[in-house]
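A.B. asks: How does the following fold in three dimensions:
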Amino acid sequence: MSISALFGCPVAVSPVSSLAVCIGGMVQPSPRTSSGGIAIECSSRPKKKATAHHMKTRPKKTRPWDIRRKPTVYPPLPLLPPDWTLVSGDEESADAALPPLPPSELQAPPAS
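C.D. replies: Residues are numbered from 1 along each chain as shown. Prediction:
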């Protein structure tokens, strides 16, 4: 498959002589890229990376009321109940740490 078939238009291909470099008066082949064509070393208009692009194009605060606006203050969240209870390795202290269950919780619920 040719390059012009991929792009749909004729593409100019550099001659083979441009793949050689003159170093110290001797002509040596230049390092080839994986595609075998010309490697682009730098670009006059490089693309921004994602974060730089989003920082440049993000919505700006232009109105005075919006510039002076502070973050929303929410009331503090209530403390969560403990999910875990610290129990030491002693069986005696583990039994003493747990309160006895009332008899109503030990019985099975009535069948309906």
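
A.B. asks: Name the residues of stretch 48-64 that come out as buried.
C.D. replies: Of the residues in stretch 48-64, none is buried by neighbour count under the rule 16 or more other CB atoms under 10 Å. From N, CA and C alone the C-beta is placed, and that goes for glycine too.

A.B. asks: What is the end-to-end distance of that stretch?
C.D. replies: In stretch 48-64, first residue to last residue: 30 Å (CA to CA, to the nearest Å).

A.B. asks: quick one: contacts of it?
C.D. replies: Residues from elsewhere that reach stretch 48-64, judged by CB atoms under 8 Å, 6 or more residues apart in numbering: Ile67, Arg69.

A.B. asks: looking at the protein, which helix or strand does the model trust least?
C.D. replies: Ranking every helix and strand in the chain by mean pLDDT, DSSP states H and E puts helix 91-97 at the bottom, with a mean of 56.

A.B. asks: Could you list the low-confidence segments of the chain?
C.D. replies: 1-37, 39-41, 90-109, 112 (pLDDT under 70).

A.B. asks: 90 instead, please
C.D. replies: For the chain, the stretches with pLDDT under 90 are 1-48, 79-112.

A.B. asks: Assumed Trp65 was part of a helix.
C.D. replies: Yes - counting by DSSP: H, G, I helix; E, B strand; the rest coil, Trp65 is part of a helix.
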